[in-house]
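Here is the input, now give the coordinates:
(one chain, ligands or ions: 1)
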Amino acid sequence: EKGGYDHFMLKEIYEQPRAILDTYRGRLRAAQGLIKMAGIDENIEKFMNANRIIIVACGTSWHAGLVAEYIFEDLARIPVEVEYASEFRYRNPVITDKDVLIAISQSGETADTLAAIKLAKEKGAYVFGVCNVVGSSIARETDSGAYTHAGPEIGVASTKAFTTQITVLTLVALKLAKEKGVFSQSRFHEFLTELETIPAKVEKVLESNALIEIIADVYKDSTNCLYLGRGYNFPVALEGALKLKEISYIHAEGYPAAEMKHGPIALIDDQMPVFVIATKKGHYEKVVSNIQEIKSRKGKIIAIVTEGDTQVTELADHVVEVPETLESLTPLLTTIPLQLLSYHIAVMRGCNVDQPRNLAKSVTVE
Ligand code: F6R
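From the prediction side, this is the model:
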């Protein structure tokens, strides 16, 4: 059932090229220059007339929502707010019938997310779901939606659900960008063809597994870790930290790299591993100076860099390369090494990777 892998989590990490492909296949028609998604096509005026999009989710799905915020605002120029479902539902939020709410949930059963949907519907918002489990409560409760075609996710730590959520949300953003006319046909086409290269590029990142295992061995006894990223890769830093916490029980924090000097920099000493996403596009030079600040305080730097990188590679203690892609698609690649790293550290520490203590796959109580 684990298909030759020691754990479901590792199997699911390796399934990502396929899961991403399955998620865009049939929807993305690069040759025709269009994206077909019934849940959007049939209700396109709701999206076109929306004042803003509110995204609600929990945990890893909330991180996918944060990536989507960057994508929607950057590509489609639609204002987005991302909320923890548990906060949103209880804070008397301002919602109108001009809002579109997108709920993201792997299981489709998360109690807080479901409650947030019901509240938004009562106030007249249009609700769109991004779920993995077909026929789940959230899939049934939403007005329309798009499934992630990740296949069953058994490991409690979410991996392929995250990358397929980002894939679906990228398709939605591209579709709306085109519809709104903020995207030329050629830019749209560039995105579609680049998206089609992602499964092979994820495959390439997975080839770094042995290197990542070596890095994991160096840092497996750490008691604290910091994860830094900027722009599109800030949510990836949050997700990297969550993955490490939940399966290895090492305390980890994710931060926007520039925010480090407002507090967390005080934590840095020679015992502190700092995982930095430092890919070429997206504030590269600024991340380089953040890395220099960490170095001068003797922090250990493990960087995710673009293939062929030299500047960060010279500064860092370890680097893992990912292929080059469009900035907005980098999270689909930079997430992978961080998943593998958490996996190997947890295994080395003797943790129950697929069923970490105190956690449940689907959180049906608030
Ligand atoms: C993290 C994790 C949780 C879930 C969260 C939301 O690896 O598994 O943080 O992401 O409980 O679950 P769904 O997406 O099912 O609503």
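
Quick one: classify whichever residue of the stretch 251-366 of the chain sits closest to the ligand as helix, strand or coil.
Going by CB to the nearest ligand atom, the ligand is nearest to Val363 of the stretch 251-366 of the chain, at 4.8 Å. Every C-beta, even on glycine, is put in place using the N, C-alpha and C of the backbone. Assigned by DSSP: H, G, I helix; E, B strand; the rest coil, the conformation of Val363 is coil.

what residues does the stretch 201-350 of the chain put near the ligand?
Residues of the stretch 201-350 of the chain lying close to the ligand by CB under 6 Å from any ligand atom are Leu242, Glu246.

how about the residue of the stretch 251-366 of the chain closest to the ligand, what does it touch?
Applying CB atoms under 8 Å, 6 or more residues apart in numbering, we find Val363 in contact with Cys58, Ser107, Glu109, Thr110, Ala111, Asp112.

For Lys11, give its distance to Ile154.
8 Å (CB to CB, to the nearest Å).

If you count surrounding residues, which of those two has more?
Lys11 (19 against 15; other CB atoms under 10 Å).

Verify the stated contact: that one with Arg18.
No: using CB atoms under 8 Å, Lys11 is not in contact with Arg18; the gap is 11.1 Å.

tell me the contacts of Glu141?
Counted by CB under 8 Å, 6+ apart, Glu141 has contacts Leu114, Ile117, Lys118, Lys121, Val127, Gly129.

What segments of this protein are strands?
If DSSP state E is used as the criterion, the strands of the chain fall at 28-29, 34-35, 52-57, 80-84, 99-105, 126-131, 144-147, 224-229, 251-256, 273-278, 300-306, 318-322.

Please name the residues that touch Ala103.
55-57, 85, 113, 116-117, 127-130, 138, 142.

measure it to Glu83 for me?
Ala103 is 10 Å from Glu83, by CB to CB.

now swap in Asn290 and tell me
28 Å.

These two: which is more packed in?
A count of neighbours by other CB under 10 Å puts Asn290 above the other of Asn290 and Glu83, at 26 against 18.

Isn't the more buried one up against Leu228?
Yes: when contacts are counted by CB under 8 Å, Asn290 is listed as touching Leu228 (6.5 Å).

Which neighbours do these two have in common?
With CB under 8 Å, 6+ apart as the test, Asn290 and Leu228 both reach Ala257, Met260, Val276.

Would you mind listing what in the stretch 1-150 of the chain touches the ligand?
So the stretch 1-150 of the chain meets the ligand at Cys58, Gly59, Thr60, Ser61, Ser105, Gln106, Ser107, Thr110, Thr113 (CB under 6 Å from any ligand atom).

and with 5 Å instead?
Cys58, Gly59, Thr60, Ser61, Ser105, Gln106, Ser107, Thr110 (CB under 5 Å from any ligand atom).

Can you turn the buried part of these into a ChimeraX selection?
Selection of buried members from these for ChimeraX, criterion 16 or more other CB atoms under 10 Å:
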select :58,59,60,61,105,106,107,110
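
Gly282: which of the residues of the stretch 1-150 of the chain next to the ligand is nearest?
Closest approach between those and Gly282, by CB to CB: Thr60, at 21.3 Å.

Got the confidence number for that closest one?
Here the pLDDT value assigned to Thr60 is 98.

tell me the contacts of it?
Gln106, Ala157, Ser158, Ala161, Phe162, Glu239, Leu242.

Next, count neighbours for the fourth one.
Residues near Ala161, counting by other CB under 10 Å, number 27.

still on that earlier bit, with mean pLDDT and distance to His344 added, can I get the strands of the chain in TSV?
Output for those, formatted as TSV (pLDDT from 0 to 100; distance: least, CB to CB, whole Å):
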stretch	mean pLDDT	distance to His344
strand 28-29	91	33
strand 34-35	94	36
strand 52-57	98	27
strand 80-84	98	29
strand 99-105	98	27
strand 126-131	98	29
strand 144-147	98	31
strand 224-229	97	14
strand 251-256	97	15
strand 273-278	98	13
strand 300-306	98	13
strand 318-322	98	12
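
what about the closest residue to the ligand within the chain, distance to Gly108?
The minimum distance from the chain to the ligand, using CB to the nearest ligand atom, falls at Gly59 (1.9 Å). As defined by CB to CB, Gly59 lies at a distance of 14 Å from Gly108.

isn't the residue of the chain closest to the ligand right next to Val156, touching?
No: counting by CB under 8 Å, Gly59 does not reach Val156; the two are 10.5 Å apart.

For Tyr90, the count of nearby residues, please.
Counted with other CB under 10 Å, Tyr90 comes out at 13.

Quick check: phi and psi on it?
Backbone torsions of Tyr90, given as degrees, to the nearest 10, read phi -110, psi 0.

Can you check the pLDDT for it?
For Tyr90, the model assigns a pLDDT of 95.

quick one: it and Ala115, what's the gap?
With distances taken as CB to CB, Tyr90 is found 9 Å from Ala115.

Show me the shaky parts of the stretch 101-250 of the chain.
For the stretch 101-250 of the chain, no stretch has pLDDT under 70.

can you give me the helices in it?
For the stretch 101-250 of the chain, helices defined by DSSP state H, counting those that start in this stretch occupy the ranges 111-122, 137-141, 160-180, 185-195, 198-206, 209-219, 234-248.

Which residue lies nearest the spatial centre of this structure?
Ala64 (4.0 Å; CA atoms, centre = their mean).
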